[in-house]
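Engineer: I would like to see how this sequence folds:
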Amino acid sequence: MASHHLTAGHVGSTPALGRYLAELSARMRGPRGTRARVLAEIHDGLTEAIHAHLADGMPPDAAAGAAIAEFGDPATVARSFAAELATASARRTIATFIATGAGDALRQLNQPHRVEVG
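Structural biologist: Sure, this is the predicted structure:
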C-alpha cells in the first residue's frame, strides 16, 4: 500500500478540488453566509472522501478525481441545494421587511377592511 504524507490542508487545496468548488459556488444563489456554510460542508465531505481514497493507496490526483466524481456534477449538486438556499433567502427578505417596518405595512394590507354605509 502506498503511503501519502499529505496533510488535510494540502488535500483540501488540490487544484481539481478548487476548480470544483469554484464552479459549484458560481452556480449557487442565495445568501452569502448560507452559501459559504454549504460549500464548507461540501469541502469537508470531499476532503474526507479524498483521505479515504488515499488510505486505499490511490495517488493524490486520482483520489481527488474519484471523490469529485462521487459527489457529482457541480450543476446537479448546486440544484440539490437550491431549495435550502431559496428558503434562507426568503427568511432574510422577511427579516429585512420586519426590521425596516415594511412588515407592518404588509400586515395592514392583508387586514380585512370594513366598509360602513351611512
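
Engineer: so how far is Gly65 from the residue lying closest to Leu24 once chain neighbours are set aside?
Structural biologist: Excluding its sequence neighbours, the residue lying closest to Leu24 (CB to CB, 6 or more residues apart in numbering) is Pro74, at 4.4 Å. All C-beta spots, glycine's among them, are computed from the backbone N, C-alpha and C. Distance of Pro74 to Gly65, computed by CB to CB, to the nearest Å: 14 Å.

Engineer: next one: Leu46
Structural biologist: 11 Å.

Engineer: who has more neighbours out of those two?
Structural biologist: Shown here are Leu46 and Gly65; by other CB atoms under 10 Å, Leu46 has more neighbours (22 against 18).

Engineer: if I pick the closest residue in space to that one that isn't next to it in sequence, what's in contact with it?
Structural biologist: Nearest residue to Leu46 in three dimensions, chain neighbours excluded: Ala67, at 5.0 Å (CB to CB, 6+ apart). Contacts for Ala67 were tallied using CB atoms under 8 Å, 6 or more residues apart in numbering; they are Leu17, Leu46, Ala49, Ile50, His53.

Engineer: which one (most neighbours) among those?
Structural biologist: In terms of neighbour count, Ile50 stands highest of these at 28 neighbours, by other CB under 10 Å.

Engineer: what helix or strand is Ile50 on?
Structural biologist: Here Ile50 sits within helix 32-55, counting by DSSP states H and E.

Engineer: quick check: mean pLDDT across that helix?
Structural biologist: On average, the pLDDT along helix 32-55 is 92.

Engineer: buried ones in it?
Structural biologist: Using 16 or more other CB atoms under 10 Å as the test for burial, helix 32-55 gives 34-35, 38-39, 42-43, 46-47, 49-51, 53-54.

Engineer: who are the packing partners of it?
Structural biologist: Here helix 32-55 touches helix 8-11, helix 15-27, helix 60-71, helix 82-100, going by 3 or more CB pairs under 8 Å, 6 or more residues apart in numbering; DSSP states H and E.

Engineer: now the element after the third one, going C-ward?
Structural biologist: Just to be clear, that refers to helix 60-71. Scanning forward in sequence from helix 60-71 by DSSP H and E, the next helix or strand is helix 74-80.
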